[in-house]
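Colleague: sequence plus the predicted model coming up.
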Amino acid sequence: MAKVILNAVEKVYPNDFKAVHGIDLEIKDKEFMVFVGPSGCAKSTTLRMVAGLEEITSGTITIGDRVVNDVPPKDRGIAMVFQNYALYPHMTVYENMAFSLKLKKMPKNVIDQKVREAAKILEIEDLLKRKPKELSGGQRQRVAVGRSIVRDPDVFLFDEPLSNLDAKLRVHMRVQLSLLHKKLNTTMIYVTHDQVEAMTMGDRICVMNLGRIMQVDTPLNLYHQPSNKFVAGFIGSPAMNLIEGELLKNNDTILVKIGEVKLPLTPNKAEKVRSHIGKKVWFGIRPEDISIGDHETQNGVLGRIQVLEHMGSETFLYFEVDGLKITAKIDSMDAKGLQVQECHGFIFDMEKCHIFDYDSEENISL
Ligand code: ADP
């Protein structure tokens, strides 16, 4: 049983830099929690505080039923896999995996059983006699994970473990780690700057920015109900269009004005943002919620295509409306025959749009 609770955790580095500003987070037992955010947002610092590799300035961290603030890393019931998972080059895979257990003076037969079990889970049984230099990048990574599995930790901590692998292998290992989580049924905390990795692996995702938590939720909730502009812009590729605008009222309709374009909000959205009429806002719409159509319909605009990126099944289309740069993602069959510099009508699915308060950047349209 190991849930992990961070309570008002702060970190000030010795140079007085405050890296973590009071984080509250509860990671459930057996959950796969991903910390994601841009470089420098304090994902690693937070993970290292859970591991005990970095001291906490204030607050508490609880693993299972114990506050671990003063517990050394080796006694926290955690195992960590780093980006640089340096294996001992002179030892075989077996010896690398057995090493920490040998240090603990476990009986040989127990060590053997644990190493072979882990090797089976990771499908590296036939590599046990090899040295690290005789392995591919993905195989080495699996050995590094194996070293942590043999220790039967209550919580696995991963710090960007796939960063050194090429794109194809990353996708493969991503799936392997998700399967591993299902097999081991253990709490895992996984740090990455890659939102695709976060979305595909996490039961829940903790989105961080500048040492603060911006939102903690399931991948789909983050995607469909981002609670602020930061999360809206960070999750999703290509990123959500986020455009400065203003809310206006015309008879019974509430409109968002972006540039010279006025788009009517649906009654459902309008009701939620009524208190912001006359105010500046951020208008957000995902590229996939824009389609090609008649610009003379209410929520249509006339735009000039600037760049077309054909991705295969879909096409990214960058267009300009009155100086505003907007991205659409459309089915590639609908992109057939489109040419750069042509003008086309684009329709915005206004039920899917988001409106954010201009100053606080909170989502006011949920
Ligand atoms: P991330 O993992 O999200 O890239 P880090 O946790 O490594 O971010 O760093 C968070 C912030 O703390 C960064 O601004 C970084 O420069 C700063 N930082 C990290 N380590 C130290 C340190 N030892 N001393 C001072 N500042 C540090």
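Modeller: On my side now, so go ahead.
Colleague: how close does residue 269 get to residue 279?
Modeller: Between residue 269 and residue 279 the computed distance is 15 Å (C-beta to C-beta, to the nearest Å). Using the backbone N, CA and C atoms, a C-beta is placed for each residue, glycine as well.
Colleague: of these two, who's got more company?
Modeller: When residue 269 and residue 279 are compared for neighbours, residue 269 comes out ahead with 21 against 14, by other C-beta atoms under 10 Å.
Colleague: could you check how far that one is from residue 308?
Modeller: According to C-beta to C-beta, residue 269 stands 30 Å off from residue 308.
Colleague: and if you look at residue 39?
Modeller: Distance from residue 39 to residue 308, counting by C-beta to C-beta: 30 Å.
Colleague: for residue 23, same thing?
Modeller: Counting by C-beta to C-beta, the separation of residue 23 from residue 308 is 42 Å.
Colleague: more neighbours: which of those two?
Modeller: More neighbours sit around residue 23 than around the other of residue 23 and residue 308, counting by other C-beta under 10 Å; the figures are 21 against 17.
Colleague: buried set for the strand or helix carrying residue 281?
Modeller: Assessed by DSSP states H and E, residue 281 sits inside strand 280-285. For strand 280-285, burial by neighbour count (16 or more other C-beta atoms under 10 Å) applies to 281-285.
Colleague: so which of the residues you listed is the closest to residue 76?
Modeller: Of all the buried residues of strand 280-285, residue 284 has the smallest distance to residue 76: 40.5 Å, by C-beta to C-beta.
Colleague: if I pick that closest one, what's in contact with it?
Modeller: With C-beta atoms under 8 Å, 6 or more residues apart in numbering as the criterion, the residues that contact residue 284 are 229, 232-233, 240-243, 353-356.
Colleague: repeat that for residue 298.
Modeller: 263-264.
Colleague: need the contact partners of stretch 181-190.
Modeller: Around stretch 181-190, the neighbours that count as contacts under C-beta under 8 Å, 6+ apart are 2-4, 27-35, 47, 50, 121, 149, 153-158, 161, 177, 197, 201-202.
Colleague: what distance separates the start and the end of it?
Modeller: Distance across stretch 181-190, first residue to last, is 11 Å (C-alpha to C-alpha, to the nearest Å).
Colleague: that one - what's its average pLDDT?
Modeller: Computed over stretch 181-190, the mean pLDDT rounds to 94.
Colleague: which bits of the chain sit near the ligand?
Modeller: Residues of the chain found near the ligand, taking C-beta under 6 Å from any ligand atom as the criterion, are 13, 15, 17, 19, 37, 39-45.
Colleague: please indicate which of the residues you listed are buried?
Modeller: With neighbours counted using 16+ other C-beta under 10 Å, the residues of the chain next to the ligand contain these buried positions: 19, 37, 41-45.
Colleague: what's the most distant pair in the residues you listed?
Modeller: Greatest spatial distance among these (C-beta to C-beta): 19 and 37, at 12.3 Å.
Colleague: contacts only, for the closest residue to residue 365 other than its chain neighbours.
Modeller: Across the structure, with C-beta to C-beta, 6 or more residues apart in numbering as the measure, the residue nearest residue 365 apart from its sequence neighbours is residue 355 (4.1 Å). Taking C-beta under 8 Å, 6+ apart as the definition of contact, the neighbours of residue 355 are 247, 256, 265, 269, 272-273, 276, 281-284, 363-365.
Colleague: in a strand, residue 355, correct?
Modeller: Yes. In this structure, residue 355 lies within a strand as judged by DSSP: H, G, I helix; E, B strand; the rest coil.
Colleague: looking at the sheet around it, what are its partners?
Modeller: residue 283 (DSSP bridges).
Colleague: that older thread, let me know the next secondary structure element after the strand holding residue 281.
Modeller: Beyond strand 280-285 on the C-terminal side, the first helix or strand identified by DSSP H and E is strand 290-292.
Colleague: given the helix or strand following that following strand, what are its sheet partners and their directions?
Modeller: Per DSSP H and E, the first helix or strand lying C-terminal to strand 290-292 is strand 300-310. Partner strands and pairing direction for strand 300-310 (DSSP bridges) are strand 314-321 (antiparallel), strand 343-348 (antiparallel).
Colleague: mean pLDDT and mean neighbour count added to those, as CSV?
Modeller: Compiled in CSV, the strands paired with strand 300-310 are given as follows (pLDDT from 0 to 100; neighbours: other C-beta atoms under 10 Å):
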stretch, mean pLDDT, mean neighbour count
strand 314-321, 97, 20
strand 343-348, 96, 18
